[in-house]
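Colleague: Here is my input, please return the structure:
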Amino acid sequence: MEREVCSTWQGAAPKMKWSEQKIQFSEDDHPKTAVIPGRYPIVVEPTIRNIKVARVLIDGGSSINLLFASTLDAMGIPRSELTPTDQPFHGITPQSSSKPMGKITLPMTFGQANNFRTEQITFDVAKFDTAYNAIIGRTALVKFMAASHYAYQVLKMPGPKGTIIIQGNAKRAVQCDKWSLDMVEQTPSPPATTEPPKKMSKTNKTLKPDGAITTVPLSSANPDKTVKIGASLNEK
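Modeller: Alright, predicted model coming up:
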């Protein structure tokens, strides 16, 4: 008996940094204000290059981190710092895909003065606007080893002095949700066509004989009943 090995994994997977700290959730994390569980996303306010940035969406369903050109300008970061890229991203814009203006790596900080984390995060810079100033995707969340709890509207990550707890801004989340709906309603729909649908031409599916034909009786008992066949075919 022969066995074919396509791939192997040698040894145990290396432990990720900060993985030794446990992240736990409990009823103590329950938000103080009433929100509909799962209705709104987690919106936070991290510090990006020493500037506190509001309306930052936590999006664990996205593999990219987005910073919008208007946010970049408001932060006073020159566009000359962008690194060119030709890799489009999908699922963010109303269109099927969009090409970023470029990429930029910036320090992003979560936490307070007595317990904080800073990681270098690479953003795709988009030239369109949304209700958010930035979107934090999986790659950044993994770098922080962050865990989110949408029922409690909270984001947690390991820190040098224990777990860093970032409470989502529920008021901002509601505002951004409304702004997003307003932006969708204001987006012009594709113009409707006024041309009548074109009629499909009917094709002639009548079969034509190839060569000469001859008439033969179906049976000797009923000579009046005949059928036409190709002259080259055997009557039997």
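Colleague: hang on, Thr139 in a helix?
Modeller: Yes: using DSSP: H, G, I helix; E, B strand; the rest coil, the assignment for Thr139 is a helix.
Colleague: what's near enough to touch it?
Modeller: Shown in contact with Thr139 (CB atoms under 8 Å, 6 or more residues apart in numbering): Ser63, Ile64, Asn65, Ile121, Thr122. Every C-beta, even on glycine, is put in place using the N, C-alpha and C of the backbone.
Colleague: and what of Ser180?
Modeller: For Ser180, the contacting residues are Thr130, Ala131, by CB under 8 Å, 6+ apart.
Colleague: from the middle of its chain, how far away would the helix or strand hosting it be?
Modeller: Taking DSSP states H and E as the criterion, Ser180 maps to helix 170-186. Distance of helix 170-186 from the chain centroid (CA atoms, centre = their mean, to the nearest Å) equals 19 Å.
Colleague: continuing past that helix, what's the next helix or strand?
Modeller: Next helix or strand after helix 170-186 toward the C-terminus (DSSP H and E): strand 213-217.
Colleague: can you tell me how far Cys176 sits from Asn50?
Modeller: In this view, Cys176 and Asn50 are 24 Å apart by CB to CB, to the nearest Å.
Colleague: more crowded one of these two?
Modeller: Neighbour count, other CB atoms under 10 Å: between Cys176 and Asn50, Cys176 has more, with 22 against 9.
Colleague: so what pLDDT did the more buried one get?
Modeller: At Cys176, the model reports a pLDDT of 92.
Colleague: can you list the weak-confidence ranges in the chain?
Modeller: Counting by pLDDT under 70, the ranges of the chain that qualify are 1-11, 34, 90-97, 187-212, 216, 218-221, 227, 229-236.
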